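Chemist: Just need the structure, nothing else, for what follows:
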Amino acid sequence: MAAMQTSDRFGLAPIAPTASTAQRAQRAQRAQAQADCLTSAPLAALRGARVLVVDDNPLNRDLAREMLEGVDLTLDTAGNGREALATVRARDYDVVFMDVQMPVMDGFAATRAIRDFYAHCPGPDRLPPVIVAISAHAGADHVRACLEAGMDDYLGKPFHRQGLLESIAKSLSRRPASSRDPDLPNSMPGSWPCSLPGVDMDDAMVRFDGNTRMFQRVLLAFQDEFEDYDSEILLAAAMGDFDTAARLAHTLAGAAANVSAHAVQVSAKALQQALQTRTLRITPQLAAVRQALACLCEAIGVQANAHRT
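Modeler: Next comes the predicted model:
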């Protein structure tokens, strides 16, 4: 790694908080109020649902699991379209959340294969799932392509817990109703994080419905998965595999968005764009990613260690 030393002139300074402590507290209270509005009635409608989340990013799969914790449904995950197809062939699901850009088999091909399977599947008891595209691309052409591939709906990344629950409820309304009992998720208080470099804490509290404990778990998963991710990107680029390097940068940007880490997200997007030109002149972009990622992961570690009992 000596050939790519990070210098201060390439570093991305931590984003200074723009809201006062009082404003941040008010925002967190509003987020908690939104969480409290999830009464037993809408959550009861999700009871017993069978959900499959398909995404090549393990952090996104973990995030979906965290966001659905406490909801009485069955959740499975798959890492690419081929795994999803095999899983769907083996058992029925009510809802499949399908990432679009994945290795091995992308979301478009997987959706078409799933539709073809059910079109030729013997027996009337097997009902096809509602397939919801999950993607960071929200342009009209992209959404249209998802629908034309056979997907039923669209959920933008990074998704919020409330949006995920609403998407499941909407999808279930298209299928035969069944009796489900209420099961409310508990919002557990936590004392960290109070602030993190490059993270929009107001946005994070809205994204996680004010559930700081859930946010803690996802942050620790992010740190574990991506702390040395810049080295993987550099290695792929140095080997001339620019497609893989750009995909890794895209994955990092998406994961950062999920935890409202805008500094990492912006720098990772810039690195992805540079890699897509298939050039090794990525020193400033890679240095910015390293700076933002190191600051964030170090802060996560410091705060987590300080609050361990």
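Chemist: what residue ranges in the stretch 151-300 of the chain are flagged as low confidence?
Modeler: Along the stretch 151-300 of the chain, the model assigns pLDDT under 70 to residues 176-193.
Chemist: One more: the stretch 1-150 of the chain?
Modeler: In the stretch 1-150 of the chain, residues with pLDDT under 70: 1-42, 122-125.
Chemist: all strands for it, in order.
Modeler: Counting by DSSP state E, counting those that start in this stretch, the stretch 1-150 of the chain has strands at residues 50-54, 74-78, 95-99, 130-135.
Chemist: got a markdown table for those strands, with distance to residue 198 and mean neighbour count too?
Modeler: Bear in mind the C-beta positions are built from the backbone N, C-alpha and C, glycine included. Output for the strands of the stretch 1-150 of the chain, formatted as a markdown table (distance: least, C-beta to C-beta, whole Å; neighbours: other C-beta atoms under 10 Å):
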| stretch | distance to residue 198 | mean neighbour count |
| --- | --- | --- |
| strand 50-54 | 27 | 23 |
| strand 74-78 | 28 | 18 |
| strand 95-99 | 25 | 28 |
| strand 130-135 | 24 | 24 |
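Chemist: Columns distance to residue 295 on top of those, output as TSV?
Modeler: Formatted as TSV, those follow (distance: least, C-beta to C-beta, whole Å):
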stretch	distance to residue 295
strand 50-54	30
strand 74-78	30
strand 95-99	28
strand 130-135	28
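Chemist: what number of residues lie near the residue lying closest to residue 281 once chain neighbours are set aside?
Modeler: Distance criterion C-beta to C-beta, 6 or more residues apart in numbering; nearest residue to residue 281, sequence neighbours excluded, is residue 274 at 7.4 Å. Residue 274 has 22 neighbouring residues, counting by other C-beta atoms under 10 Å.
Chemist: and if you look at residue 277?
Modeler: Residue 277 has 10 neighbours, counted by other C-beta under 10 Å.
Chemist: which SS class is it?
Modeler: State at residue 277, reduced to three classes by DSSP: H, G, I helix; E, B strand; the rest coil: coil.
Chemist: Give me the phi and psi angles of it.
Modeler: phi -80, psi 0 (degrees, to the nearest 10).
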